[in-house]
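Novice: Provide a 3D model corresponding to the input given below.
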Amino acid sequence: MSSLLKIENLHVNVGETEILKGVNLEVRQGEIHALMGPNGSGKSTLAYTLVGHPKYEITQGRVLIDGADLQDLDPSERARLGLFLAFQYPITIPGVKVADFLRHAISNVRNPERKEGEELMPMREFRTELRQTMKELNIDAEFARRYLNEGFSGGEKKRMEILQLAMLKPRFAILDETDSGLDSDAVRVVSEGLQKLSGPHMGVLIITHHERLLEYNVPQFTHVMLAGRIVETGDAALAHDLHANGYAGIRERHPEAAAEEAAAQEKEELTTTSS
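Specialist: Sure thing, here's the model as predicted:
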């Protein structure tokens, strides 16, 4: 039986401002979902909430994996349950080599009972798996000796996240606008890498403004977010339509959400002007 990531009536605040206003979504292992929407609609808020970022406060609703509530779990515990987030802007960690980072991450995720100071994954076993994975993804072996994201191009940072995804083998992968700011060649590398890793063992939620990642990873489900809610769900054809025509039709079909979006934008502009 495949695992299920279930989001029920999720309301989330950032400070005093409510961003998510009742999100409902189910992702099963083996499915590819696309989440699209204009800037400020709540897409990234949903991603960071799922992995437990402390800035995002759940005020109502639940996030479940196979019935287990994630509310009180920290990000590392959620990772052990099988959640993975590819950031829009990956962080740099000077002085930490890619291989060392991956060995620690794998040791913690694959062995939920491991405590600080306990034995890591055996080095020989780790090196064999890392080399094989990098070969399959067409990543040069020298990459593993570099410091994590230090001096990396945008495309190299995204390639690093695909390598993490391949090594950690999560049940659910969330990609938060991972194609943002990349040229066509870098998007192709990321798209092909994700395509190689997708399968019955992993559910994928691709958060994107564009269609490029979806060319290689065709979604069975496309969800549209507006003003903190998912207002429409369709298949890959919906993603194509949004790419071609934008969100005007969505706003026409959902005037209440469009009015909330406009009010929030006006409030933000007034706040910016007064400050």
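
Novice: so where do the helices sit in this structure?
Specialist: Secondary structure of the chain, counting by DSSP state H: helices at 43-50, 75-80, 98-110, 123-136, 154-168, 184-197, 212-216, 236-245, 248-253, 255-274.

Novice: Out of the ones you listed, which is the most enclosed?
Specialist: Stretch with highest mean neighbour count among these: helix 43-50 (a mean of 22; mean count of other Cβ atoms under 10 Å). (Each C-beta comes from the backbone N, C-alpha and C, glycine too.)

Novice: Report all helices and strands that it contacts.
Specialist: strand 4-14, strand 17-28, strand 32-36, strand 57-65, strand 83-86, strand 172-176, strand 203-207 (3 or more Cβ pairs under 8 Å, 6 or more residues apart in numbering; DSSP states H and E).

Novice: right, and the ones you listed - which one's nearest Lys157?
Specialist: strand 83-86 (9.8 Å; Cβ to Cβ).

Novice: List the neighbouring strands of the closest one plus their orientation.
Specialist: According to DSSP bridges, strand 83-86 forms sheet pairs with strand 172-176 (parallel).

Novice: CSV for the helices of the chain, including mean pLDDT and distance to Phe143?
Specialist: Rendered in CSV, the data for the helices of the chain read as follows (pLDDT from 0 to 100; distance: least, Cβ to Cβ, whole Å):
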stretch, mean pLDDT, distance to Phe143
helix 43-50, 96, 26
helix 75-80, 92, 22
helix 98-110, 93, 6
helix 123-136, 94, 7
helix 154-168, 88, 8
helix 184-197, 82, 13
helix 212-216, 81, 22
helix 236-245, 93, 32
helix 248-253, 96, 41
helix 255-274, 84, 40
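
Novice: any chance of the helices and strands packed on helix 43-50 in a markdown table, with mean neighbour count, distance to Ser191 and mean pLDDT too?
Specialist: Formatted as a markdown table, those follow (neighbours: other Cβ atoms under 10 Å; distance: least, Cβ to Cβ, whole Å; pLDDT from 0 to 100):
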| stretch | mean neighbour count | distance to Ser191 | mean pLDDT |
| --- | --- | --- | --- |
| strand 4-14 | 18 | 22 | 98 |
| strand 17-28 | 18 | 19 | 97 |
| strand 32-36 | 25 | 12 | 96 |
| strand 57-65 | 16 | 26 | 97 |
| strand 83-86 | 23 | 13 | 92 |
| strand 172-176 | 25 | 10 | 94 |
| strand 203-207 | 25 | 10 | 95 |
